[in-house]
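Just need the structure, nothing else, for what follows:
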Amino acid sequence: MSEGGIRRRASYSSNIKSFLPSEIASHLPSATSSALDYLDLHGTVDAVWSAGERLQRCFFDVENRVKIFVESNPTSISKDLLKMLTDLRTMDIEKLRLPSVQSQIEYITVKLKSVMASSPDQVVLDKWDEIRRLVEEEFQDKAQLFDSVVEHSFDSAKKSIERALIRAQNGAKLIKFNELPDAWKNNEHILTGYRFIPIDNKRDLFLSAFKWHNETINVQTHLWAAVGVTMLLLYHVVAPHPVWIAEDSTWSDKLVMVSFLLASLKCLIFSSLWHIHAGCADKKYFEHYACVDYVGISSLITASITGVTFYGLYCDNITRNTLLTFIISNAFVGSYLPFTDSFNKKESRGFRIGFFVYMAICGLAPILAMVSYHGLDNTLTFLAPIIPSLLFYVVGLIIYAFQIPECFAPGRFDFAFASHNAWHIAVAAAIFLHYKAIVSMYESRYLFAC
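All right, here's what the predicted structure looks like:
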């Protein structure tokens, strides 16, 4: 293949998914390679690309000629025509959808003939005929081509799922990393211990939370932590906690404390649900519960920062409420992003980690406000109780991000002591330590912030 063809193939590889239905595109990139091989065998990649380049040149020529025409005939109809041409010309040629392009072409054809009825520009009309021919002929071929790619990709993905189910004996047996379909492969250093249970068998899927596999520790650590948080919630109401009976305690004080515990409980339960469904053979459920897990993480981060902000700026109502609005708005973004197409992809792992780190860094804004109002020394003393929880989060995140220790010895930490196990233990410990810190901040809120 020529150097130009290689460049085109590389660009096409990155954009091929835009032509495929989401349920098919989600199974790429495994299908991408074979699909592109299929395209090359038929010698179509360069041809389709060239058709797109010719089409853009024609659009550009017509647009320039119509600009000259509009200058001498500045009617609202001619200006409208020019705008439509510009919009069509600047559209990404690789993302053109045939039905919408054809309808726009036909609409502009009628407009063009109407505008030029009195003084036709034959060059424009000839160029426009060439555009119509390119769309009808070249892009019809393109549509048929991608129908073939869809069928090829779907068959490939479907067969990989069927093979995994056979190897897993419909969920009765654990399988290896290289036996999973590509969409289920998250950590190449964990080589064995994978469940692959049909969603129809929900009973076995949920009971697998109490069986030994490479997600057992991940599920159990957060299930038991959720039990602990539930007991803390009951303690607040039944005991009751001093925050409920103190004379200077407001409903806002109680709300902040309970909100943190509820957000922690939500995060832990959502995390457990995700790790249970990580062994589900249905991609829809597999991806949905991964998104649910991210929503829980967003809630926990927001509630953690909210508590520090609320008590640290207790008597500075305007600053406090402004920052709380900003912090809580991040939570809404964190609840939306996980359900977008790209967020949950394997290649987006760095972006996901970065987004949650960004949410945590937003906690610096209230800290800077505290320093400006109450001085560095007083602020550091007030914030000292959260240092243990922050250390657990930071160390756990580093271990998780770099997949330590399994990256040094793939296969040795498949069932225990893997990076995700360490991350779960760190999160559980950090939740209880942060709760303790919030109680301490509640007790010193007037002394520090007022």
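
Would you verify that residue 384 is located in a helix?
Yes: counting by DSSP: H, G, I helix; E, B strand; the rest coil, residue 384 is located in a helix.

wait, what's in contact with it?
With contacts defined as C-beta atoms under 8 Å, 6 or more residues apart in numbering, residue 384 has no neighbours. All C-beta spots, glycine's among them, are computed from the backbone N, C-alpha and C.

Pull up the gap between it and residue 377, please.
11 Å (C-beta to C-beta, to the nearest Å).

residues near residue 252, how many?
10 (other C-beta atoms under 10 Å).

ok, it touching residue 310?
Yes: assessed by C-beta atoms under 8 Å, residue 252 is found in contact with residue 310 at 7.2 Å.

Using the record's domain definitions, break this structure down for me.
Domain assignment for the chain by automatic domain parsing gives 3-162, 202-449.

Comparing those, which comes out most buried?
domain 202-449 (a mean of 18; mean count of other C-beta atoms under 10 Å).

Show the end-to-end separation of that one, please.
In domain 202-449, first residue to last residue: 51 Å (C-alpha to C-alpha, to the nearest Å).

and of the domains of the chain, who's closest to residue 180?
domain 3-162 (8.4 Å; C-beta to C-beta).

Can you tell me how far residue 394 is from residue 293?
20 Å.

Where does pLDDT dip in the chain?
Scanning the chain for pLDDT under 70 picks out 1-56, 59, 76-78, 81, 88-102, 118-119, 134-155, 344, 346.

Helix, strand, or coil at the residue nearest the centre of it?
The residue lying closest to the centre of the chain (C-alpha atoms, centre = their mean) is residue 343, at 1.5 Å. Put simply, residue 343 is coil when judged by three-state DSSP.

List the contacts of it.
Shown in contact with residue 343 (C-beta under 8 Å, 6+ apart): 291, 294, 337, 351, 352.

Report the contact partners of residue 441.
307, 308, 311, 312, 382, 385, 448.

go on, residue 316?
For residue 316, the contacting residues are 369, 373, 449, by C-beta under 8 Å, 6+ apart.

how near is it to residue 326?
15 Å.

tell me what the one helix or strand residue 311 maps to is packed against?
According to DSSP states H and E, residue 311 maps onto helix 283-312. If contacts are counted by 3 or more C-beta pairs under 8 Å, 6 or more residues apart in numbering; DSSP states H and E, helix 283-312 sits against helix 251-277, helix 317-336, helix 349-361, helix 364-374, helix 376-383, helix 419-443, helix 445-449.

Next, format these as TSV and append distance to residue 196.
Listed next are these as TSV, based on distance: least, C-beta to C-beta, whole Å:
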stretch	distance to residue 196
helix 251-277	12
helix 317-336	29
helix 349-361	21
helix 364-374	43
helix 376-383	46
helix 419-443	18
helix 445-449	51
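
nearest to residue 111, of those helices?
helix 317-336 (38.9 Å).

what's the angle between the closest one and helix 349-361?
Counting by axes from the mean of the first three to the mean of the last three C-alpha atoms, to 10 degrees, helix 317-336 lies at 160 degrees to helix 349-361.

that older thread, which one of the contacts of residue 316 is nearest residue 201?
residue 369 (52.7 Å).

From residue 326, how far out is that closest one?
Relative to residue 326, residue 369 is positioned 11 Å away (criterion: C-beta to C-beta).

Same question for residue 336.
16 Å.

check contacts around residue 404.
Contacts of residue 404 (C-beta under 8 Å, 6+ apart): 398, 419, 422.

need the contact list for the second one.
Applying C-beta under 8 Å, 6+ apart, one finds that residue 419 lies in contact with 187, 399, 400, 402, 403, 404, 405, 406, 407.

Which ones among those map onto strands?
The strands, defined by DSSP state E, take in nothing from these.

Just the ones of the residues you listed in helices?
Among these, the residues falling in helices (DSSP state H) are 399, 400.

which one of the contacts of residue 419 sits closest to residue 244?
Nearest to residue 244 out of the contacts of residue 419 is residue 400 (C-beta to C-beta; 36.1 Å).

The closest one contacts residue 424, correct?
No: at 9.1 Å, residue 400 does not count as touching residue 424 under the criterion of C-beta under 8 Å.

ok, so of the contacts of residue 316, who is nearest residue 429?
Compare each of these with residue 429 using C-beta to C-beta and the shortest gap goes to residue 449, at 27.3 Å.

Now the closest one: closest residue in space that isn't a chain neighbour?
In this structure, residue 449 finds its nearest non-sequential neighbour in residue 314, 3.8 Å apart by C-beta to C-beta, 6 or more residues apart in numbering.

re the thing from before, for the contacts of residue 343, which one is nearest residue 268?
Ranked by distance to residue 268 (C-beta to C-beta), these are led by residue 294 at 13.9 Å.

Just the element for residue 110, please.
Per DSSP H and E: helix 98-115 holds residue 110.

re the thing from before, greatest separation within the contacts of residue 343: which pair is it?
291 and 351 (14.2 Å).

do you know how far the residue nearest to residue 449 is from residue 391?
Residue 314 sits 25 Å away from residue 391, going by C-beta to C-beta.
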